[in-house]
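Kindly generate the corresponding structure for this input.
(2 chains)
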Amino acid sequence: MPFNSTTVVFMYGIHPSYYDRNIYCVNDIAASDYGTCYNVYYKAIFIQADTTTYPVGSLPCESNNTCIRYTTTAGFRTNGTIFSYPGKQGILQYFWSRVHSVYGIRLPYLTMISVPTPSRPDYLWFFPATIYESLSWPIYDPVSNFKAYLNPYTIPGGNVSIIRWSGNVFTSSLYIMTSEEGKNNMWYAFDMSVSWAYESSPLAVIPLDYEHDYAPYVELRSVFGYAATGVDQPGWNADDIIRVLRELFPNRAWAVFDDRQYVLYLYNLTPDYVPDWLIEKLSPTAMKVLQSPADAAVAKAWLDLLNERNAQIPPQAELP
Amino acid sequence: MSGKTGKPGSPGPPSTPPGKKKVKIRKGGRWVEVDVGGEVKKGRFKYVKFVDDDGLDTYWISPE
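As a prediction, this is how the structure comes out:
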């Protein structure tokens, strides 16, 4: 098979299967529950740059882990990396996103896929004229097959925007970006689904934090690419991936899929911890245990993070 | 000749110890019989456990 395709769902406050017509977070500074987020699934986004009045960690949604708080404002914010494949191509095929926000009469808080170019790392390929086109809702660009709708359903306060696109774009990296227009004291919640393809390759199966666990390590970049799923991380040689992961992450759990032998190598793992959906996705002929887990918590942490990153897949049965 | 080996009453070929199961798997383009040390079911597939030639605990997809 020359290409694998994959999908990741990001959930920032909104559950993919339902929505709440009410506001998610309270940004009225006079309200007694200011800074609280309600009915969120994972974390919503809250922008409050005043750290004197509202020190970091003081908002209720920060202390109960229902929001990601940013203490700086931004025109466009990079919320995360979807994939980064040094020396390899990915093919973006489809995405949609849905945003609830408290502001957004002129420009709703758009979650965008950013296809970076050398001259514009934050280039928003899908909106060549951001202001003009975002004033003309709904938007349909027949050339790129880009669709955007403002308030497809009503909520008591704020706005909802939904965007969809399908097509083909070759790129080695993709980011989630949000148009915030530099506004402060506001929140938004969104979910997003992104599908892309990449060439069939040996894979490193380890959910990493892009900024801290992956980007700083040239050794990792030289043997496999990063993906938000923790699974779709193609490299060139399974032995090289194993060697580098042993060196950098000797105390973590990880797996490496050799796509030539169809062998899934397990480190600090046993097959009990490998979720069924991963077996269905890779269909390995064999699993080989390089090292059994000395601490079950290490293996469980790998499984939990992998399930979280691939949460569109139904939950698996409990471990024995 | 019946094709049988050994004399009547002599011990036959080594048998699988009680509780030890043998299974044939497709490995390296050949059918290989391995001593099964356990089984694990993952999704639609069943894997049998044995120690492979490289000394690693291995779970091989079973055609049975």
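
What's the mean pLDDT across stretch A:287-297?
Across stretch A:287-297, the average pLDDT comes to 96.

buried sites along it?
A:287, A:288, A:289, A:290, A:291, A:293 (16 or more other CB atoms under 10 Å in any protein chain shown). Backbone N, C-alpha and C define where each C-beta goes, glycine included.

Now the terminal residues of that stretch, how far apart.
20 Å (CA to CA, to the nearest Å).

now residue A:302, what's its secondary structure?
helix (DSSP: H, G, I helix; E, B strand; the rest coil).

okay but it is in contact with residue A:274, surely?
No. Counting by CB atoms under 8 Å, residue A:274 is not a contact partner of residue A:302; they are 9.4 Å apart.

Give the residues shared as contacts by those two.
Common neighbours of residue A:302 and residue A:274, using CB atoms under 8 Å, 6 or more residues apart in numbering or on different chains, do not exist here.

Could you show which parts of chain B are in contact with chain A?
B:40, B:42-45, B:47, B:52, B:54, B:56-61 (CB under 8 Å from any CB of the partner chain).

So among these, where is pLDDT lowest?
Lowest confidence among the residues of chain B next to chain A: residue B:43, with 87.

so who does that one touch?
Contacts of residue B:43 (CB under 8 Å, 6+ apart): A:276, A:277, A:279, A:280.

who's in contact with the last one?
By that I understand residue A:280. B:43, B:44.

quick one, phi psi at it?
phi -60, psi -40 (degrees, to the nearest 10).

Can I get the contacts of residue B:43 in a markdown table including pLDDT and distance to residue A:19?
Output for these, formatted as a markdown table (pLDDT from 0 to 100; distance: CB to CB, whole Å):
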| residue | pLDDT | distance to residue A:19 |
| --- | --- | --- |
| A:276 | 93 | 29 |
| A:277 | 93 | 25 |
| A:279 | 95 | 32 |
| A:280 | 92 | 29 |
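
Max pairwise distance over the residues you listed: which two?
A:277 and A:279 (7.3 Å; CB to CB).

Return the residues in contact with the nearest residue to residue A:300 once chain neighbours are set aside.
Leaving out its chain neighbours, the residue that sits closest to residue A:300 by CB to CB, 6 or more residues apart in numbering or on different chains is residue A:273, at 7.0 Å. Residue A:273 makes contacts with A:253, A:293, A:299, A:300, A:302, A:303, A:319, as judged by CB under 8 Å, 6+ apart.

Nearest spatial neighbour of the fifth one, chain-adjacent residues omitted?
Sequence neighbours aside, residue A:253 is the residue nearest to residue A:302 in space, at 3.6 Å (criterion: CB to CB, 6+ apart).

if I read this right, the one you found contacts residue A:270, doesn't it?
No. Judged on CB under 8 Å, residue A:253 makes no contact with residue A:270 at a distance of 9.9 Å.

When these two are compared, which one has more neighbours?
Set side by side, residue A:253 and residue A:270 show more neighbours around residue A:253, with 26 against 19, by other CB atoms under 10 Å in any protein chain shown.

quick one, what contacts that one?
A:206, A:267, A:268, A:269, A:273, A:293, A:298, A:299, A:301, A:302.

go on, residue A:301?
A:252, A:253.

cool, and residue A:33?
Here residue A:33 is in contact with A:26, A:60 (CB under 8 Å, 6+ apart).

Can I take it that it is in a helix?
No. With three-state DSSP as the criterion, residue A:33 is located in coil rather than a helix.

how near is it to chain B?
45 Å (CB to the nearest CB, to the nearest Å).

After the lowest-mean-pLDDT helix or strand in chain A, which helix or strand is next? Please name it.
In chain A, the helix or strand scored least confidently by mean pLDDT, DSSP states H and E is helix A:130-135, which has a mean of 61. Going down the chain from helix A:130-135, the next helix or strand is strand A:139-141, by DSSP states H and E.

Can you show me the strands along chain B?
B:21-27, B:30-36, B:38-42, B:45-51, B:57-61 (DSSP state E).
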